[in-house]
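Q: model this:
(2 chains)
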Amino acid sequence: MSWQIGGKTLNSRLFIGSALYPSPAIMQQAIRGSGAEVVTVSLRRQNPSEGGGTSFWQLIKELQLNILPNTAGCHSAKEAITTAQMAREIFETNWVKLEVIGDDYNLQPEPFQLLEAAEQLVKEGFEVFPYCTDDLVLCQRLRDVGCNVLMPWAAPIGTGKGIINPYALTTLRERLPDMPLIVDAGIGLPSHACQAMELGFDGILLNSAVAQAGDPVTMASAFAGAVKAGRQAYLASPMPEKNTAAPSTPTLGTPFWHQGK
Amino acid sequence: MINVLLNGESNRLNKPETLDIALTEWDYLDGCYAVAVNETFVPRSQYHQQLINEGDRIDVVSPLEGG
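A: Numbers count the residues shown, from 1 in each chain, chains lettered A, B, ... in the order given. I've put the predicted structure just below:
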């Protein structure tokens, strides 16, 4: 079933990164195998002798997907805004995955600089996909400055820990029922992605979980299935959890039953 | 001679030049890059008006893998 995000219609709810793959060929195969229609890329300093990123960009263009440039590595609103502006020129898209890092140990977003950058970029016509923590108030403020989608983490980037605070993500879903929410970062297994989708999240963005798997292409396919399964489960309204057992097989007419057993 | 920082490394120009000329001197010939001068984005359409001066910090970036 298709859905709308950032002014575009997508069929897949899995967004995928382009980093850390064993080879460019495996990157292409894995991205194709994921069924993702959005791929993240970055900008880095390059010298002319290094080819200026042309070969990588050619591989990505061949995939014919939506490009989501990131501002990875930025530590201030100013750096992130400038990087977003450069990305818009190169990639010819107003989409930006806004990252402003506040701590290099856990790569936690810097909420104040993130908010400042988001507000400015929205004013400049960007469709801002902010990579943020699962802090409810921060997410509300990002919404208030004009973000049309939010990307809270499941866990710090690259840890593969899965959802470390299900309460916070559940609260986000409940308090921002109409806001597209994409879980970004910290996913390690397809079951993590499935869990997030079961909670009602609109999509999953991941990279390391596929790229650093022993077989990235097969893992990409596994994630595609998990995201679909989680979404279907959410739409199907899961049964309520209970503390007491309840037999699924009818008890009436149970053989060998007698009173007092 | 003026001294600048190009992608974080010392570099030189014979004299203050506009950005389009400076980029050519530094062998940035294809179009797959974007530029910031002193951490401010310079649109491609402005290269011929952006003068590079002593001490300027120029960042030239290109597409790369990212998560």
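Q: Need the phi and psi values for A:G33.
A: In terms of degrees, to the nearest 10, the main-chain angles of A:G33 are phi -70, psi -20.
Q: That one touches A:D215, doesn't it?
A: No - using Cβ atoms under 8 Å, A:G33 is not in contact with A:D215; the gap is 10.1 Å. Every C-beta, even on glycine, is put in place using the N, C-alpha and C of the backbone.
Q: The two: which has the busier surroundings?
A: The neighbour comparison of A:G33 against A:D215 (other Cβ atoms under 10 Å in any protein chain shown) goes to A:G33, with 20 against 13.
Q: Excluding chain neighbours, what is closest to the more buried one?
A: A:A220 (4.1 Å; Cβ to Cβ, 6 or more residues apart in numbering or on different chains).
Q: Got the confidence number for that neighbour?
A: For A:A220, the model assigns a pLDDT of 98.
Q: what's the burial count for it?
A: For A:A220, using other Cβ under 10 Å, the count is 25.
Q: can you check A:L169 too?
A: For A:L169, the count of nearby residues is 22 (other Cβ under 10 Å).
Q: List the residues that contact it.
A: Contact analysis of A:L169 by Cβ atoms under 8 Å, 6 or more residues apart in numbering or on different chains lists A:D134, A:P152, A:A154, A:I163, A:V183, A:A196, A:L199, A:F201.
Q: Ramachandran coordinates for residue 10?
A: Let's take chain A. The phi/psi pair for A:L10 (degrees, to the nearest 10) is phi -120, psi 160.
Q: Just to be sure, B:F41 is in a strand?
A: Yes - looking at B:F41 with DSSP: H, G, I helix; E, B strand; the rest coil, it is inside a strand.
Q: which element is the residue nearest to it when sequence neighbours are not counted on?
A: Leaving aside its sequence neighbours, B:F41 sits nearest to A:Q85 (Cβ to Cβ, 6+ apart; 3.8 Å). A:Q85 belongs to helix A:77-91 when assigned by DSSP states H and E.
Q: pLDDT (mean, whole number) over the helix or strand that comes right after that helix?
A: Next in sequence after helix A:77-91, counting helices and strands by DSSP H and E, comes strand A:95-98. Over the span of strand A:95-98, the pLDDT mean works out to 98.
Q: What parts of the stretch 51-200 of chain A come near chain B?
A: Listed as neighbours of chain B in the stretch 51-200 of chain A under the rule Cβ under 8 Å from any Cβ of the partner chain: A:52-54, A:56-57, A:60, A:69-70, A:72, A:78-79, A:82-83, A:85-87, A:89-91, A:157.
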